[in-house]
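>>> no letters, just coordinates:
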């Protein structure tokens, strides 16, 4: 919108909040169902589950992360023959698409970004109900895919109740997209075990002003995921100056390096689900080494200054490469590249674009 693009937003589910949350959001609200000045050059669809009914006009782009190594078989035909381009958030997801048979020229990596206006080391820490000094943080849904069970096992083996350490678990999505999948019951049982090291379990919603304060209130983010399409909380933690522990070989390899993060060795683990047919083989995830994670937790606890320096080194890299402005530039470039190409599902080339209409018109089907 700031670049002069004509944008219409087409929601597919009710809003969770309104423009009163942030003055910037009023500009977005004004574009909901807004008629475009002409037919759209581009229809960007981002929703779950994916909707393969083609839009009526314009090139068709799908934003579709996938964390499990192979795509569902019924995605392949429409993505190969109808969709003009698929935008994925990481090279890890790109490899999944290619391994599943999607043509290489159909998939582009468009990463997520971090709001550096909010996420930075000076964000005011929120108050946490603990007297423990060193605070490890797990941020995300407490589900199997994100490795919460591996973290709880490693944490329990690395520390004792009397150690000056706490694991802060900020659960997300338990009332919506992860309903019924979380580890809240297990965490409650461990909290009641007098021999288990302290856990602080947070379930309340935090707004975008509070979330950076949660990060700066803690000392290290731990994310031993089995599958991630990107790992945005990792990126936001790095921009706040936190050292991070992540699974090696996954999506976070795009922005984590040995100089800016701690890696947990992992191995691929395959499985076949009962509820879907797959393209080209089994689903697979990355199984992090629990013993290595345990040792890393203990090492960081005993060497906090080393970990802090590693976190500081991450700030500049994130701010220079992964802001939302940088992402918007990539989106605009892809829109410009697509607009004069044939529309795949129609086999036609759009008419010539007047020089004065240099900015694309978007219809954006979004979450």
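Happy to help now that I have it. In this text the structure is predicted, and so the values were computed from the model without any measurement.
>>> any weak-confidence spans in this structure?
173-181, 348-367 (pLDDT under 70).
>>> elements contacting the longest helix anywhere in it?
Ranked by number of residues, the top helix in the chain under DSSP state H is helix 304-321. Helices and strands touching helix 304-321, as assessed by 3 or more C-beta pairs under 8 Å, 6 or more residues apart in numbering; DSSP states H and E, comprise helix 232-239. Where you see a C-beta, it was placed from the backbone N, CA and C, and this is true even at glycine.
>>> next, the angle helix 304-321 makes with the helix it packs on.
In terms of direction (axes from the mean of the first three to the mean of the last three C-alpha atoms, to 10 degrees), helix 232-239 departs from helix 304-321 by 110 degrees.
>>> circling back: run through who's touching the longest helix of the chain.
With C-beta atoms under 8 Å, 6 or more residues apart in numbering as the test, helix 304-321 has contacts from 114, 116, 120-121, 134, 219-220, 235, 238-239, 241-244, 255, 257, 259-262, 300.
>>> filter these down to the buried ones and hand me the PyMOL line.
Filtering the contacts of helix 304-321 down to the buried ones (16 or more other C-beta atoms under 10 Å) takes a single PyMOL command:
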select buried, resi 114+116+120+134+219+220+235+238+239+241+242+243+244+255+260+261+262+300
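>>> next SSE downstream of the longest helix of the chain?
Note on helix 304-321: by DSSP states H and E, the next helix or strand toward the C-terminus is helix 324-339.
>>> returning to that earlier point: now, the contacts of helix 304-321 that are in strands?
134, 220, 244, 262 (DSSP state E).
>>> could I get these as CSV with distance to residue 321?
Shown next, in CSV, are the ones in strands among the contacts of helix 304-321 (distance: C-beta to C-beta, whole Å):
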residue, distance to residue 321
134, 30
220, 22
244, 16
262, 20
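>>> which one of the residues you listed is nearest residue 69?
Checking the ones in strands among the contacts of helix 304-321 against residue 69 with C-beta to C-beta, the nearest one is residue 244 at 23.0 Å.
>>> OK, contacts around the closest one?
Going by C-beta under 8 Å, 6+ apart, residue 244 touches 220-223, 234, 237-238, 252, 256, 261-262, 311, 314.
>>> hmm, try it at 6 Å
With contact taken as C-beta atoms under 6 Å, 6 or more residues apart in numbering, residue 244 is in contact with 221, 234, 237, 238, 261.
>>> how close does it sit to residue 23?
Using C-beta to C-beta, to the nearest Å, residue 244 is found at 32 Å from residue 23.
>>> one step back: show me what counts as buried in the longest helix of the chain.
307, 310, 311, 314, 315, 317, 318, 319.
>>> and for stretch 287-299?
Buried-residue list, stretch 287-299, by 16+ other C-beta under 10 Å: 287, 288, 289, 290, 292, 293, 294, 296, 297, 298.
>>> and of those residues, the nearest to residue 213?
Using C-beta to C-beta, residue 297 is the member of the buried residues of stretch 287-299 that sits closest to residue 213, with 23.3 Å.
>>> isn't the closest one up against residue 158?
Yes - using C-beta atoms under 6 Å, residue 297 is in contact with residue 158, at 4.5 Å.
>>> can you give me the strands in the stretch 151-300 of the chain?
165-171, 198-202, 220-223, 244-247, 262-264, 266-271, 283-288 (DSSP state E, counting those that start in this stretch).
>>> out of these, which gets nearest to residue 214?
Nearest to residue 214 among those is strand 165-171 (6.2 Å), distances taken as C-beta to C-beta.
>>> what lines up beside the closest one in the sheet?
The pairing partners recorded for strand 165-171 under DSSP bridges are strand 134-140 (parallel), strand 198-202 (parallel).
>>> dihedrals phi and psi, residue 118?
Main-chain dihedrals, residue 118, degrees, to the nearest 10: phi -100, psi -40.
>>> for the closest residue to it other than its chain neighbours, give me its contacts.
Of all residues not flanking residue 118 in the chain, residue 212 sits nearest, at 5.2 Å (C-beta to C-beta, 6 or more residues apart in numbering). Going by C-beta under 6 Å, 6+ apart, residue 212 touches 118, 119, 123.
>>> so who does the second one touch?
The contact partners of residue 119, taken as C-beta under 6 Å, 6+ apart, are 212, 236, 239, 240.
>>> what is the nearest of these to residue 163?
When those are compared for distance to residue 163 (C-beta to C-beta), residue 240 wins out at 24.2 Å.
>>> okay, now the closest one: neighbour count?
A total of 28 residues lie near residue 240 under the criterion other C-beta atoms under 10 Å.
>>> that one contacts residue 213, correct?
No - using C-beta under 6 Å as the test, residue 240 is too far from residue 213 to be in contact (9.3 Å).
>>> check whether the closest residue to residue 43 other than its chain neighbours sits in a helix, strand or coil.
Excluding its sequence neighbours, the residue lying closest to residue 43 (C-beta to C-beta, 6+ apart) is residue 55, at 3.9 Å. Residue 55 falls in the coil class when you classify it by DSSP: H, G, I helix; E, B strand; the rest coil.
>>> how close does residue 55 get to residue 83?
Using C-beta to C-beta, residue 55 is found at 10 Å from residue 83.
>>> which one of the two is surrounded by more residues?
Set residue 55 next to residue 83 and count neighbours by other C-beta under 10 Å: residue 83 wins out with 23 against 18.
>>> now do the contacts for residue 73.
With contact set as C-beta under 6 Å, 6+ apart, residue 73 has these partners: 277, 278, 279.
>>> which among the residues you listed gets closest to residue 127?
The closest of the contacts of residue 73 to residue 127 turns out to be residue 278 (C-beta to C-beta; 46.7 Å).
>>> next, count neighbours for that closest one.
Other residues close to residue 278 by other C-beta under 10 Å number 16.
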